[in-house]
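Here's a sequence, model it:
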Amino acid sequence: MDLRMDEFPVYLERHRLARPQHIPFIRRWVERFLSGTHHPGLAWEDRVREYVAALQQHAGLADWQVRQAEESVRLYHQFVEGHEDAAGNGEGSPCPAKGGGGEEAQACSHADSWASVFADERRLLRLRHYSPNTETSYLEWTERFAKYCGMRSPAELDDGDVKRFLSHLATERRVSASTQNQAFNALLFLFRNVLGQSLGGLQDTVRARRGPKLPVVLSQNEVQQLLAAMDGTPKLMAQLIYGAGLRLMECVTLRVKDLDFDQGHVFVRSGKGDKDRSTLLPQSLVGPLQEHLARVKNQHEADLRAGHGEANLPGALSRKYPKAGKDWAWQYVFPSSIISPDREDGTLRRFHTTGSALQKAVKEALHRAGIAKHAGVHTLRHSFATHLLEGGVNIREIQELLGHSHVETTMIYTHVLRELAPRATSPLDRMAAG
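Below is the predicted model:
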């Protein structure tokens, strides 16, 4: 085991990069990473991707645990780089002793500044209720930007550095337009909210361009074949996503109270853009869902008897209603198979299942069904919208069911429908027929 692991917790606490109760979990993830086998000569970033991919295949881990593991390893990498930069100062600590000078002291000062920036950005993202996925993504872009700028002091950076970084992504890294836009949004948040600077003069930045793309859609027959190749809870989740037009995480994070069997509604709480909406609850799923919930309720009652059974609550509800977390209504429809500690307070809870487990099940089902399309879980949502349009449902109603802010977003499915319509007969076919 790396001897620097003994210094790592001190580093986290000194720079306020993690809460004290979280540090043991962070250390455990890093030790697991370090004890794994890696291909000789593999770059650090590739090792991290390999580690995260392996965790995503683990059916017993929730998405937040995978994110925590990745963030833990990145924090350790940040610590190791500072440790190596400061090697030779006689103390074996990440920073030179007070009173020291020169480039090492300056580099250490900049590393401390960035550690403070990361901590502030994480705090502000959570304060503004950004999703965990967005938090992880924004922090990763901040780290990549800092490294691109040579870990210079954050106070020295300006919009010129941002412009050069975005141009680098487009011209050298050749990233997609959506990836570059995500990087821009992350840096916009960093400069405006963390560093307190405005970003201007980016008009002439080289931008990655994305041409018009049509979503992949399965025919109704292909959806039937896909679902027939699935079973158990993953099949039920895939049916609900297709039948209600849900996004992956909207399905995964459903609570018992969000299913209205009498009125035939599924309520999506704090969906994309932090918006609530209602959509269709397929009548054909009422029976299977009720049977599934009966099994989940038995599990919840067993958890309560064991002294657990408390679900995490959104926002400050846990303070307002301290006992609500144990109510049946607040339990997840698709709970995890394991009880694990909450990253916020360390309380043992049963979170929702992972989205990656369903993604893997759909991918395997596509292979078994022999469907040769670049499809995934989200394809079922696209198919829901397209098949409603085929059935004559008004575009405005589909917009509401999908939760789109603008009807222009929903209009893409009219183009898909046009592509699926019977095409003109090829002149070669007419010649062959003659």
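
List the buried residues in the strand or helix carrying residue 303.
According to DSSP states H and E, residue 303 maps onto helix 286-305. By neighbour count on 16 or more other CB atoms under 10 Å, the buried set for helix 286-305 is 289, 292, 293, 296, 300, 303. For glycine as for every other residue, the C-beta is placed from the backbone atoms N, C-alpha and C.

same deal with stretch 162-181?
Those would be 162, 163, 165, 166, 167, 169, 170, 175, 179, 180, for stretch 162-181 by 16+ other CB under 10 Å.

hmm, which two among those residues are most spread apart?
Across the buried residues of stretch 162-181, the longest distance by CB to CB is 16.7 Å; it joins 163 and 179.

Pull the distance from stretch 150-159 to the chain's centre.
28 Å (CA atoms, centre = their mean, to the nearest Å).

Which of the buried residues of stretch 162-181 sits closest to residue 387?
residue 179 (30.3 Å).

Confirm for me that the closest one is in contact with residue 169.
Yes - counting by CB atoms under 8 Å, residue 179 touches residue 169, with 7.2 Å between them.

Show me the strands in the protein, by range?
259-260, 265-268, 277-280, 340-341, 348-349 (DSSP state E).

So which elements touch the helix holding residue 303?
Here helix 286-305 touches helix 232-244, going by 3 or more CB pairs under 8 Å, 6 or more residues apart in numbering; DSSP states H and E.

What is the neighbour count of residue 245?
24 (other CB atoms under 10 Å).

hang on, the earlier thing: where is pLDDT lowest across the buried residues of helix 286-305?
pLDDT across the buried residues of helix 286-305 is at its lowest for residue 303, which sits at 92.

Now for that one: which residues touch it?
309, 339, 350 (CB atoms under 8 Å, 6 or more residues apart in numbering).

what number of residues lie near the first one?
In this case it means residue 309. Based on other CB under 10 Å, the number of other residues close to residue 309 is 21.

Quick check: it touching residue 328?
No - assessed by CB under 8 Å, residue 309 is found out of contact with residue 328, at 9.4 Å.

shared neighbours of these two, which are they?
residue 300.

Identify the residues contacting the closest residue to residue 26 other than its chain neighbours.
Leaving aside its sequence neighbours, residue 26 sits nearest to residue 72 (CB to CB, 6 or more residues apart in numbering; 4.2 Å). By CB under 8 Å, 6+ apart, the contact set of residue 72 is 25, 26, 27, 29, 30, 33.

Closest one to residue 114 out of these, please.
The closest of these, once distances to residue 114 are taken by CB to CB, is residue 26, at 18.0 Å.

How many residues are close by that closest one?
23.

Equivalent analysis for residue 394, please.
By the criterion of other CB under 10 Å, residue 394 has 10 neighbours.

Quick one, grab the pLDDT at residue 7.
In this model, residue 7 carries a pLDDT of 79.
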